[in-house]
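Student: Dropping the sequence and predicted coords here.
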Amino acid sequence: MVLYHLARDLMLVARVSASARQAGRRYQSFPSADALIAALTKEDGSGADGINSGPFRILVDLQLPGLVSDELMAGIRETGAPCEVVAYAQHVFTDLLESAKAAGIPKVMTRGQFDRHVDDLVAGSL
C-alpha cells in the first residue's frame, strides 16, 4: 500500500512521513488536490515519482484551502486507481466532516482521532 497525503500542515506531514518510513510504507505528500489527482493519473501508471500503481491509502486534510470533498472524490474515482480515502478535520468543523461523509469518503474522523491513530492508519490496521 502506498500512502498519499493531501495536506499543508508541515508538522503533521513530517509526523506521518516518519510513521510511514518506520512501517516500511511508501509515502508522498501533496499540497493540492490537483497534484494528487495528477499523480494518480500519471501517464505511465506508476504514480508519483514512479513509486507504484497502488493500492493507495489517501489521507486528506479537509481544512486544506479550496478543497471540495465532492470534487476530490469525483477526481479520484475518475482515475480508476484502487484507493481508500481517510479524511480528517478539527472537531469544530462539523460542516467539513459532514460534507466529506456525504461525498462518500468512507473514513471521516476528527483531527484528534487522526492524531491518536496515525500509526494504525499508516499500518493499514485501521
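Tutor: Looks like it arrived, so ask away. In this text the structure is predicted, and so the values were computed from the model without any measurement. Numbers count the residues shown, from 1 in each chain.

Student: is it fair to say residue 17 lies in a helix?
Tutor: Yes. Judged by DSSP: H, G, I helix; E, B strand; the rest coil, residue 17 forms part of a helix.

Student: how about the nearest residue to it, chain neighbours excluded?
Tutor: Using C-beta to C-beta, 6 or more residues apart in numbering and skipping the chain neighbours, the partner closest in space to residue 17 is residue 27 (5.3 Å). No exception for glycine: its C-beta is placed from N, CA and C like everyone else's.

Student: Next SSE downstream of whichever strand or helix holds that neighbour?
Tutor: Element membership for residue 27 (DSSP states H and E) is strand 26-30. Remark: after strand 26-30, the chain's next helix or strand is helix 33-40, criterion DSSP H and E.

Student: Residues in contact with that next one: which ones?
Tutor: Contacts of helix 33-40 with the rest of the structure, by C-beta atoms under 8 Å, 6 or more residues apart in numbering, involve 4, 6, 28, 30, 47-48, 56, 58, 64, 67, 71-72, 75-76, 78-79, 81, 83.

Student: Each with direction, which strands does the helix or strand following it pair with?
Tutor: Scanning forward in sequence from helix 33-40 by DSSP H and E, the next helix or strand is strand 56-61. Using DSSP bridges, the strands paired with strand 56-61 are strand 2-6 (parallel), strand 83-89 (parallel).

Student: Ramachandran angles for residue 67?
Tutor: When read as degrees, to the nearest 10, the backbone of residue 67 gives phi -70, psi 130.

Student: How many residues are close by the closest residue to it other than its chain neighbours?
Tutor: With C-beta to C-beta, 6+ apart as the measure, residue 33 is the residue that lies nearest to residue 67, at 6.0 Å, once sequence neighbours are left out. Residues within reach of residue 33, counting by other C-beta atoms under 10 Å, total 20.
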